[in-house]
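In: Turn this into a model:
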Amino acid sequence: MTLTFIRALPFVPTLIALVVFVILMKLGFWQLQRAEQKAEYLQQLEQNNKTKVTEITADLFAAEAPVGGRFHLSGKVANDKLYYWDNRIVNGQVGYQVLVPVQTNLGWILLDLGWVKGNAQRGTLPGVDVPSVIEDELVALWLPKKNALIKETLDIKAPWPKLVQEVNVSLLSQHFAQPFLPRVAVKLEQSTKFITNYKPVVLPPEKHIAYAVQWFGLAIAVLVVFGFAVRKKHDNSSNSD
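Out: Numbering: from 1, shown residues only. From the prediction side, this is the model:
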């Protein structure tokens, strides 16, 4: 009976339904895997953030360096060389992350000062007041990721301050004509000039679990719809006989 039923299934629709089902199930399991990775990452962050605030050292820039932690940053600020990271949204408002090069005892590093609201006129960047020296600034270290959708990071010929579409440390190093350390320092303390909006992860584990449930639900829906369609076709065929 089962073998007869299987043989009666339409080949192409059955194949399509199975392929879609497998893809949706894989997406669901991938989201569960991402949720587990994010949970481990946040746990490591919490553990590292319990350690006392220390100075930034060279070993923190190694590829295998641990995530998280809070550090003191001191150095000379190139406050005439500002980078405005475009299209950053805070509380529904469009603005910019302001980054500035800082010369430390380990070399130059980009410091994310925080977010500022954009002007009504897109062609005019908001003015900001940046000190020439910082002492014991509380920061976290962030590793920017390449955005494949960005084709042009900045206009090299444009005057300072520069408008950038992504934080590409390697490219900005070439533009600045000085090598930047491979991670970006992010200011953690709030100020009246900037809004600190640093988030170690964009999507928490709960979001990934919710997406996984959606993918699994769609996979089940595909089987249910396919089953109803096959049943209806079988009933119609029986009635016509």
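
In: Can you tell me the closest non-neighbouring residue to Arg88?
Out: Nearest residue to Arg88, sequence neighbours excluded (CB to CB, 6 or more residues apart in numbering): Gln97, at 4.9 Å. Every C-beta, even on glycine, is put in place using the N, C-alpha and C of the backbone.

In: same check, this time on Ala78
Out: Pro101 is the one closest to Ala78 (CB to CB, 6+ apart), at 4.3 Å.

In: So what does that neighbour have for phi and psi?
Out: phi -70, psi 140 (degrees, to the nearest 10).

In: likewise Val77?
Out: Torsion angles, degrees, to the nearest 10, at Val77: phi -100, psi 130.

In: Could you verify my assumption that it touches Asp129?
Out: No: in this structure, Val77 is not within contact of Asp129 by CB atoms under 8 Å, at 11.5 Å.

In: Could you check which of the two has the larger neighbour count?
Out: Val77 (19 against 6; other CB atoms under 10 Å).

In: So what pairs up with that one in the strands?
Out: Val102 (DSSP bridges).

In: pLDDT wise, what is it at?
Out: We have a pLDDT of 96 for Val77.

In: Could you list the domains of the chain?
Out: Residue ranges for the domains of the chain, per automatic domain parsing: 11-52+202-232, 69-187.

In: Now Tyr211: which helix or strand?
Out: Taking DSSP states H and E as the definition, Tyr211 sits inside helix 205-240.

In: so what secondary structure elements neighbour that helix?
Out: Other elements packing on helix 205-240 under the criterion 3 or more CB pairs under 8 Å, 6 or more residues apart in numbering; DSSP states H and E are helix 11-49.

In: what's the next helix or strand after the helix it packs on packed up against?
Out: On the C-terminal side of helix 11-49, the closest following helix or strand by DSSP H and E is strand 54-55. The contact analysis (3+ CB pairs under 8 Å, 6+ apart) places strand 54-55 against strand 71-77.

In: Which helix or strand lies directly C-terminal to the strand it packs on?
Out: strand 83-90.

In: Give me the contacts around that next one.
Out: By CB atoms under 8 Å, 6 or more residues apart in numbering, the residues outside strand 83-90 that reach it are 94-100, 110, 115, 117, 125, 154, 161-167, 172, 195, 197.

In: So for it, mean pLDDT?
Out: Rounded mean pLDDT across strand 83-90 is 89.
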